[in-house]
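> One predicted model, sequence on top.
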Amino acid sequence: MLHWFKFNASVRDPEPARDVLRKLPPGRGHPEECPPLRAANGFGFDVCTSFDMTFTRLDGGGWKLEKPVTLEADWAFAPPDHEPAPPQSQVNAWFWPQGQELPHRITDDVFPLLRNQVKISTWLYVHTDPGELLCIKGIPNHWRPWRSFTAIVDADQYAVSYPWHCVLELDARETEIHIPAGEPICRMYAVPRMDQVAREMSGEEFGAFFARGQAWLADARHGGDEELADIRGRYAKLMQRVQFHVERA
């Protein structure tokens, strides 16, 4: 389970992912109509931008965010027996600084590789249940002039007290990139922390697997010829989709 809290009331809640992000006439064979693609598109929770963002490419390389937005937290924290502290504040996007030493070093020869990258605040504090990892990734099968990096975080053990961010790479071929408010910028979901193994099947195991598939095809086909069985709609009915819900306090 993902547990989340908003930095500020103006921040958008996470949203259950949608199978299709654009309106399509049915029955035309669009890629988004493929059941496995729909399942991937609708898997997880989307984090959407709360404000418009426009990035313009600089002549010397790198980018500038036009009209940055800085939010102040709705709450403030102070240890016991201390005076009340001012609320935290955070800007919606920031870039890697040249010569950075903290939180990790960036050398001058590496810095040019990062000039098209920008960190976007989700303005969401997020953690997972014990034994779960937080996956942060791009929106599947959705192509835009920027892409989100994929990360796996030990959010059940890494008890951070600041909102998570995602990293975008802006397309250097563009001179301006606009990301409107409400646009999904990254996908989040919890995955179990467990070792996984890939093992080659024996001849006997493969034989049983193949025979099972042939029996399923014989039962599921509507017709068709010997080369290509007509199984339209059967796989979609067989799928057991994972459901995602957002609960608010």
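Structure received. Numbering: from 1, shown residues only.
> residues in contact with the spatially most central residue of the chain?
By Cα atoms, centre = their mean, the mean C-alpha position of the chain lies nearest to R187, the distance being 2.0 Å. If a contact means Cβ atoms under 8 Å, 6 or more residues apart in numbering, then R187 has 17, 43-47, 135-140, 148 as its contacts. Every residue, glycine included, has its C-beta placed from N, CA and C.
> Which element, helix or strand, includes N8?
For N8, there is no host helix or strand (DSSP states H and E).
> and the residue nearest to it when sequence neighbours are not counted, how far is that from I185?
Of all residues not flanking N8 in the chain, L71 sits nearest, at 4.6 Å (Cβ to Cβ, 6 or more residues apart in numbering). Note on L71: its distance to I185, by Cβ to Cβ, to the nearest Å, is 16 Å.
> Likewise for L2?
16 Å.
> Output the longest strand along the chain as PDB, restricted to C-alpha atoms.
Across the chain, the strand with the greatest residue count (assigned by DSSP state E) is strand 117-128. Only the C-alpha atoms of strand 117-128 are listed here, as PDB (Å, rounded to 0.1, in the frame of the first residue of the first chain):
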ATOM      1  CA  GLN A 117      17.400  16.800 -16.800                       C
ATOM      2  CA  VAL A 118      15.100  18.400 -14.300                       C
ATOM      3  CA  LYS A 119      13.800  17.300 -10.900                       C
ATOM      4  CA  ILE A 120      10.100  17.700 -10.500                       C
ATOM      5  CA  SER A 121       8.600  17.800  -7.000                       C
ATOM      6  CA  THR A 122       5.500  15.600  -6.500                       C
ATOM      7  CA  TRP A 123       4.800  17.600  -3.300                       C
ATOM      8  CA  LEU A 124       3.800  14.200  -1.800                       C
ATOM      9  CA  TYR A 125       5.200  12.500   1.200                       C
ATOM     10  CA  VAL A 126       5.000   8.800   0.400                       C
ATOM     11  CA  HIS A 127       6.000   5.600   2.200                       C
ATOM     12  CA  THR A 128       5.000   1.900   1.800                       C
END
